[in-house]
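**Q** Model the structure of this input:
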Amino acid sequence: HGVVVKMLSDELGYTPEEMHEALKFHFLRDESRKLPTVKSTADLSTVEFESYLTQIRQWAAIELNTSIPLPNEVEF
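**A** Presented below is the predicted three-dimensional model:
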């Protein structure tokens with residue numbers, strides 16, 4: 001998750017905190033209630049979190065022409 005947020009914040013000129021909030025708003029917004037809410041990434045299951053990251057990677061590839069590596073593709 002840190003790689004995703006860091007790459008996109010660098011690419012788009014946001015702080016990591018701003019980017020994290022923007023991604024949550026874009027991908028985790030629940031408008032099924034009268035008052036829309038945004039889920040916390042801390043409350044996501046492992047499957048939900050991986051789906052969230054997959055959606056971000058696909059969005060970044062299509063909208064920003066940016067490839068975000070998978071965890072096993074990153075060297076620390």
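
**Q** Look up how far residue 8 lies from residue 19.
**A** 5 Å (Cβ to Cβ, to the nearest Å). Any C-beta I mention is one placed from the backbone N, CA and C, and that applies to glycine too.

**Q** How about residue 39?
**A** 19 Å.

**Q** repeat for residue 21
**A** Counting by Cβ to Cβ, the gap from residue 21 to residue 8 is 12 Å.

**Q** which of those two has more neighbours?
**A** residue 8 (21 against 14; other Cβ atoms under 10 Å).

**Q** Need the per-residue pLDDT for that one.
**A** Note for residue 8: predicted pLDDT of 97.

**Q** Which strands or helices does the lengthiest helix in the chain pack on?
**A** Of all the segments of type helix in the chain, defined by DSSP state H, the longest one is helix 46-63. Counting contacts by 3 or more Cβ pairs under 8 Å, 6 or more residues apart in numbering; DSSP states H and E, helix 46-63 is packed against helix 2-12, helix 16-27.

**Q** Can you lay out these as a markdown table showing distance to residue 68?
**A** Shown next, in a markdown table, are the helices and strands packed on helix 46-63 (distance: least, Cβ to Cβ, whole Å):
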| stretch | distance to residue 68 |
| --- | --- |
| helix 2-12 | 5 |
| helix 16-27 | 11 |
